[in-house]
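J.: Sequence and predicted structure, then a few things I'm wondering about:
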Amino acid sequence: MSAQQWTQPAGEPADQARPGRSGTCRPADVRRAVRHAVACRCRATGTRCDEEALSDALLVASELTSNAILHGGGVTGVDVDVVGHEVRVSVCDRSDRLPVAVAPVDEQGRRRAGGRGWPIVCRLSCDVRVADLPTGGKRITAAVPVF
């Protein structure tokens, strides 16, 4: 069951594109798509979602989207699917660079401001895949159990 699927139109700036019908592709838009996909599955099957696990999936969606915006040259596509007991969030960006975990402190022992997003995604997801896209860039897919 696919709740949202979006690919950025050619020539449209990343900050003007988003999943759905209006607005920009922001973390909030992807979180909304995750909530919608899970709610649809719950209604269709009569199952209950684990609210704590749903919170984990929403955090993963936020981190993937934020990382694509901050480090990947912008979001070029988003897919949210519910498969079995998992919600799978895929975010595409323009960069071919693989995500990396950064130490929380620098060489002088000072705490870094960022660098926690990728470890959060990896810790909360039961499966994370990074794939190159044929037109350049990459797709990161994270699966989080929610049922």
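T.: Done, it's in. Numbering: from 1, shown residues only.
J.: Give the rounded mean pLDDT of whatever helix or strand V60 lives in.
T.: Assigned by DSSP states H and E, V60 falls within helix 51-71. The average pLDDT within helix 51-71 is 96.
J.: Give me the residues contacting it.
T.: With contact meaning CB atoms under 8 Å, 6 or more residues apart in numbering, helix 51-71 is reached by 14, 25-27, 29-31, 33-35, 38, 74-75, 78, 80, 87, 89, 91-93, 95, 97, 99, 114, 117-118, 120-121, 124-125, 140, 142, 144-147. C-betas here are computed from N, CA, C, even on glycine.
J.: quick one, helices of the protein?
T.: 27-45, 51-71, 117-124 (DSSP state H).
J.: now, of those, which is deepest in the fold?
T.: helix 51-71 (a mean of 20; mean count of other CB atoms under 10 Å).
J.: looking at the protein, which residue ends up farthest from its center?
T.: Q108 (32.3 Å; CA atoms, centre = their mean).
J.: and it, how far is that from V100?
T.: Q108 sits at a distance of 20 Å from V100 (criterion: CB to CB, to the nearest Å).
J.: could I get the helices of the chain as a markdown table with distance to D132?
T.: Compiled in a markdown table, these are given as follows (distance: least, CB to CB, whole Å):
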| stretch | distance to D132 |
| --- | --- |
| helix 27-45 | 21 |
| helix 51-71 | 15 |
| helix 117-124 | 17 |
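J.: For E86, which non-adjacent residue is spatially closest?
T.: A143 (4.4 Å; CB to CB, 6 or more residues apart in numbering).
J.: and the gap between that neighbour and W118?
T.: Applying CB to CB to A143 and W118 gives a distance of 16 Å.
J.: Give me the distance between A53 and I69.
T.: 25 Å.
J.: er, G46 I mean
T.: In terms of CB to CB, G46 sits 37 Å off from I69.
J.: and what of C126?
T.: From C126 to I69 the distance is 25 Å (CB to CB).
J.: what's the answer for A28, then?
T.: Taking CB to CB, one finds A28 at 12 Å from I69.
J.: do R48 as well
T.: 33 Å.
J.: And G84, by the same measure?
T.: Applying CB to CB to G84 and I69 gives a distance of 29 Å.
J.: If anything else comes up later, I'll come back, but that's it for now.
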